[in-house]
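Visitor: structure here, sequence nowhere to be found:
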Ligand SMILES: Cc1ncc(C[n+]2csc(CCOP(=O)(O)OP(=O)(O)O)c2C)c(N)n1
Ligand SMILES: Cc1ncc(C[n+]2csc(CCOP(=O)(O)OP(=O)(O)O)c2C)c(N)n1
Ligand SMILES: [Mg+2]
Ligand SMILES: [Mg+2]
């Protein structure tokens, strides 16, 4: 498996292979057809599968999700695209009150195999309405599954799993990772939803992160290894359901843990991770669960400010140094 | 101050007094005019202040919030109503991407003294789309303030503060508390946003809760006092900004703490409270921060199921007994 | 269009079924035997009956908060419907949905909906599926006059037109949204004026005349199946009871005269009169229908009464579909 | 309507100011001196200029992602605008907003907006404020053809009509939403067909003719101020550059012929020709304007270049207004 493709190509390949394999799969979204989507996630698919199955929609996020819900509940496997993650707010009712709840409200009789795809994350000077990491909002909603891959291999396997999944999933592509290259098998494969990946084993401290942040953490871990600081790095990959077991097990071993994400710290998913860790591994903790995240403000446009807004490799390194320096219990 | 009025009357009185005092205050929402609102929160106001200032709107939650944002940014103090908290999802973009961010995105030049009012909480067999407690979603959004009073006195003082506040606030009325009676001064007064109330001092364990849950906790605390279990009960009242200092101080004293809310536990605001407590009071904790909340499902219609869904006084009592029984550090 | 006696009697039967179901539900609500909210369809029977008589089980409908009428008309059975309203485990939704989410996918009824306007995009999704599958089915979205002011309606209407989907938009214009008259929330008199803005034909029909509704629906369905896209049918109608529940809440938002004028035009009784006059049926024929269905209702109430409430263990069941792949179609 | 030379030259100046600002911004973007996204208004100048020439600083406008043109037309100054695009602390938004959120409340410009359709409800709010205050001001919402497919537009249009607010709805129909032709996303040709559905007059104007736009705006404003409510103006226009940035991205979603036909109708050059022909101005007059404004642009670029990036300490400033009461008006 020496073929390297990019993160967004891995996404595209998963969609293409599932569409070829299963004629109930179709895609709909703004500018995804002829143009292939603003991130080129859907490039070439309309040419291959036709306008009936790769649909350019009006700018109507509510109806885009509704299109997916109605088609899914009646036997198709829709993939519907919300261009930027910030725009889920425009369609929030259809996501939160319709897609997520239909099965339960209907006493189980509905099945909603819907995949929602979107681009999240900051670092492109795209300002307050095109840079957010809003995963905490959707992870709080029973009925949804939330996925955020950090590399091309995971992207293909997780996207394939999303499409085959019989529940509404939200696949968040990190905009800064679109061009990231990595080895990706050509044949279709699934990575089960809800399984974390331990990117690196270590004994001194656990870092849990997702999206671009976990890659930063991984690089920091490699660097610190040279100094004898042994960092375990965990990427949950699926944020809902969250693979708490893997995290807890790691913390029971390392006794120290930092959670890092791009989203705002207050009420971010890191809070849930921290809360669960202290519940499940209370007696194993030598230090409070650390959280590294964006401060409490909208995402600023200015690159100078945004650089301070997003957690950086430096911040992660410092946080690791601080937590391992803290005397144990 | 021996006059007793209800929670919803306290709300109404705050609005009425502010409208009388400040002609830039107006109200808009569905059925709030002639009818006074489905919870009668706005009863009598149109008769008193006229159709120009108490406006029946179309069923258009996005435009209702937008009406508030535009009017606020140009010098008025709008109070706009979203009937049920679940419906904030319909207007989520206007709340999250517009109201919350306008000031910051504009470099400070805009001021948005907007109050959004809504009815939250379960316990009325109102099912999955009319029962949610979605405070975690909005507390995660920088730029908003979130308020949830647990009694008539706080309601009036906090609502008055919301109306006079120069930032977007979301005042969540708990639907099950509307009829709750309490002593409320006739003259206008403010309770500063961001100040918790310690409803009961205690030395054995702290319970932090809001809305209807903190009242349940208070009753449990009274009951357990007879057995010599001394419970401190804290009501943050304002959930964003959260008065962490009061909570931390209490936990440093009691060394044990339980957070209770009606919202879904995963990603609920209790996670943030727990995360902050273990960060700030790590060495003071004799037990993990406990969380009592709804399980991971939509709100069921059936009263039999909903009774199991919402945390109950019994659950709170049991959780307190368990945590005080746990051997200390 | 000449309708056979069979079709006419079928539509009559659908109307009487709705009437009896709704009257019974109202009485049960008054006797405090139905938890939650209840929005009765009495007075509007001709709309659901006229439209659904043109549809098969393979055709789908979406509905509103006022949804039992639609489900009955679409072929819903009394027993599981009554059980659902009573929150019993034998209900269509196993007691998890209730009045506002009652549904049955087997007869193509994709749910009542607690969110105004939210059903329409879902109907568009079902229509998309029908078109892609080429199964010769259509979907119909029922919605109120007030709901045409909300964004989801607009997006759904436009998308269906842009994609030329086989969808029927059925507006039940009963002149009120809750307690607010239609003319306070829109500057037009006829909802049908909105059709041209989407590029679809719109027609006004007497919503108290099941034959007129039926004719319009037949035509709209034929157009949809010719691949010419959606149509908007505005049925002028009236609800005989209050917005929710049975009794008015004190506020006279409708005059007695207005109510009784509309009641003069009762869709069932006027239909019966016309049928008898035309010699198409006798009073006896109708009496037989009423008697038979009354017995069915009594049976359904008994059934629901005898059924158990959901077991608490069901609380967390059906939040997610537990299988992957293939369960949808 | 006979316009004075003063008004004509004023509109010309507004158009040239936009053109020069946008061309300069495009060049800076190509030189990688502008972070983030950039949506240029070149080609559409007559719309903003024609409308804004009828407005005073006390009148408000809301805008779109394509917002600099509107701000320039409304009286925005080059220096703080250029500085904002360059993310400098001297920008109108202190570098926190950038191209997609550029704003200046002093001239009544309530912000570019990164969310399609989101500006319209805010304009309705400003219009509501104007009506309540009785200040004789109007507000105008600018928006694209594609944005009329989104719910927020619909709700805003309907609410303004229902409440008879002094609002102008200005649709810039440039026949594309991003890379997708208008006729794929709606089944109508003229956006103005939507006006009747709200009960407001709608008029199509040549958006390449500033005089035609101006006339329509004058009429709409007069109607608004007579208390007769909003109007919809559809200006048929064209953007000369790509959806964002300057160059096409390879995909030929518009033919060269189409682009050059529209460029033949350049709103500035055709206006100049007509003015010269009619003897209202000389080539020299225009050359003077261009030269003067070119100097202003050069000065603004220099100013922006010399200005500092925001200090990192500004990151958490202006998330909230820090005062209570009275700051709004
Ligand atoms: C998004 C949303 N806003 C408000 C409500 C509250 N609500 C329920 S029914 C209703 C009136 C609906 O009016 P209409 O569409 O005319 O239907 P009708 O009740 O007349 O059948 C309202 C405002 C809701 N359920 N959802
Ligand atoms: C809610 C939302 N959906 C999608 C987008 C992405 N987007 C930005 S501009 C645009 C096209 C807008 O088209 P139109 O309204 O015609 O304006 P134009 O760009 O032609 O001026 C889209 C889809 C967005 N910013 N917001
Ligand atoms: Mg109605
Ligand atoms: Mg356009």
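Guide: Looks like it came in fine. Because the structure is predicted, anything quoted here is derived from the model rather than measured. Ligands and ions are numbered 1, 2, ... in the order given.
Visitor: what about the residue lying closest to residue C:283 once chain neighbours are set aside, neighbour count?
Guide: The spatially closest residue to residue C:283, leaving aside those adjacent along the chain, is residue C:276, at 6.2 Å (C-beta to C-beta, 6 or more residues apart in numbering or on different chains). All C-beta atoms are positioned from the backbone trio N, CA, C, and that covers glycine. By other C-beta atoms under 10 Å in any protein chain shown, 15 other residues sit near residue C:276.
Visitor: same deal with residue C:264?
Guide: 10.
Visitor: and the residue nearest to residue C:283, what element?
Guide: helix C:267-277 (DSSP states H and E).
Visitor: helices or strands next to that helix in the packing?
Guide: helix C:5-30, helix C:45-52, helix C:210-225, helix C:283-306 (3 or more C-beta pairs under 8 Å, 6 or more residues apart in numbering or on different chains; DSSP states H and E).
Visitor: export those helices to CSV and tack on mean pLDDT and distance to residue B:141?
Guide: As requested, the helices and strands packed on helix C:267-277 are arranged in CSV below (pLDDT from 0 to 100; distance: least, C-beta to C-beta, whole Å):
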stretch, mean pLDDT, distance to residue B:141
helix C:5-30, 97, 38
helix C:45-52, 98, 41
helix C:210-225, 98, 42
helix C:283-306, 98, 43
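Visitor: just the ones you listed: most buried one?
Guide: helix C:45-52 (a mean of 31; mean count of other C-beta atoms under 10 Å in any protein chain shown).
Visitor: for the residue nearest to residue C:283, what are its contacts?
Guide: By C-beta atoms under 8 Å, 6 or more residues apart in numbering or on different chains, the contact list for residue C:276 reads C:282-283, C:286.
Visitor: show me which residues of the stretch 51-200 of chain A sit near chain D.
Guide: Residues of the stretch 51-200 of chain A lying near chain D by C-beta under 8 Å from any C-beta of the partner chain: A:56-62, A:86-87, A:89-90, A:124-130.
Visitor: cross the residues you listed against strands and list the overlap.
Guide: residue A:56 (DSSP state E).
Visitor: restricting to the residues of the stretch 51-200 of chain A next to chain D, which residues neighbour chain B?
Guide: Near chain B, by the rule C-beta under 8 Å from any C-beta, you find A:86-87, A:89-90, A:127-129 out of those.
Visitor: beta partners of the closest residue to ligand 1 within chain C?
Guide: In chain C, the residue that lies nearest ligand 1 is residue C:144 (2.3 Å; C-beta to the nearest ligand atom). On the basis of DSSP bridges, residue C:144 is bridged to residue C:172.
Visitor: from the contacts of residue C:276, which is closest to chain D?
Guide: residue C:286 (40.6 Å; C-beta to the nearest C-beta).
Visitor: contacting residues for the closest one?
Guide: Residue C:286 sits in contact with C:12, C:272, C:275-276, where contact means C-beta under 8 Å, 6+ apart.
Visitor: on that earlier part again, of the ones next to chain B among the residues of the stretch 51-200 of chain A next to chain D, which is the most crowded?
Guide: residue A:90 (32 neighbours).
Visitor: what's the burial count for the residue of the stretch 101-250 of chain A found nearest chain B?
Guide: Going by C-beta to the nearest C-beta, chain B is nearest to residue A:140 of the stretch 101-250 of chain A, at 3.4 Å. Residue A:140: 27 surrounding residues under other C-beta under 10 Å.
Visitor: what distance do you get for the residue nearest to it when sequence neighbours are not counted to residue D:270?
Guide: Distances taken as C-beta to C-beta, 6+ apart place residue B:267 nearest to residue A:140, at 3.4 Å, with adjacent residues excluded. The spacing between residue B:267 and residue D:270, counted by C-beta to C-beta, to the nearest Å, is 57 Å.
Visitor: any bit of stretch A:102-115 sitting next to chain C?
Guide: Yes - using C-beta under 8 Å from any C-beta, stretch A:102-115 comes into contact with chain C via A:102-113.
Visitor: buried sites along stretch A:18-33?
Guide: A:18-19, A:22, A:24-33 (16 or more other C-beta atoms under 10 Å in any protein chain shown).
Visitor: can you check stretch A:149-166 too?
Guide: A:149-166.
Visitor: contacting residues around the residue of chain A found nearest ligand 4?
Guide: Across chain A, no residue is closer to ligand 4 than residue A:59, which sits at 9.4 Å (C-beta to the ion). Going by C-beta under 8 Å, 6+ apart, residue A:59 touches A:30, D:116-117, D:146-147, D:149-150, D:177, D:185.
Visitor: let me see the ranges of the helices in the stretch 51-200 of chain A.
Guide: A:61-73, A:92-93, A:102-105, A:135-139, A:152-164 (DSSP state H, counting those that start in this stretch).
Visitor: now those helices in CSV, with distance to ligand 1 and mean pLDDT?
Guide: Formatted as CSV, these follow (distance: least, C-beta to the nearest ligand atom, whole Å; pLDDT from 0 to 100):
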stretch, distance to ligand 1, mean pLDDT
helix A:61-73, 11, 98
helix A:92-93, 7, 98
helix A:102-105, 14, 98
helix A:135-139, 18, 98
helix A:152-164, 29, 98
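Visitor: dump those helices to TSV, plus distance to residue A:238.
Guide: Shown next, in TSV, are the helices of the stretch 51-200 of chain A (distance: least, C-beta to C-beta, whole Å):
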stretch	distance to residue A:238
helix A:61-73	19
helix A:92-93	21
helix A:102-105	19
helix A:135-139	10
helix A:152-164	7
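Visitor: how about those in JSON lines, adding distance to ligand 2?
Guide: Conversion of the helices of the stretch 51-200 of chain A to JSON lines gives the following (distance: least, C-beta to the nearest ligand atom, whole Å):
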{"stretch": "helix A:61-73", "distance to ligand 2": "6"}
{"stretch": "helix A:92-93", "distance to ligand 2": "12"}
{"stretch": "helix A:102-105", "distance to ligand 2": "23"}
{"stretch": "helix A:135-139", "distance to ligand 2": "16"}
{"stretch": "helix A:152-164", "distance to ligand 2": "22"}
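Visitor: out of those, flag the one nearest ligand 3.
Guide: Closest among the helices of the stretch 51-200 of chain A, using C-beta to the ion: helix A:92-93, at 19.6 Å.
Visitor: check which helices and strands the closest one is in contact with.
Guide: Going by 3+ C-beta pairs under 8 Å, 6+ apart, helix A:92-93 lies up against helix B:92-93.
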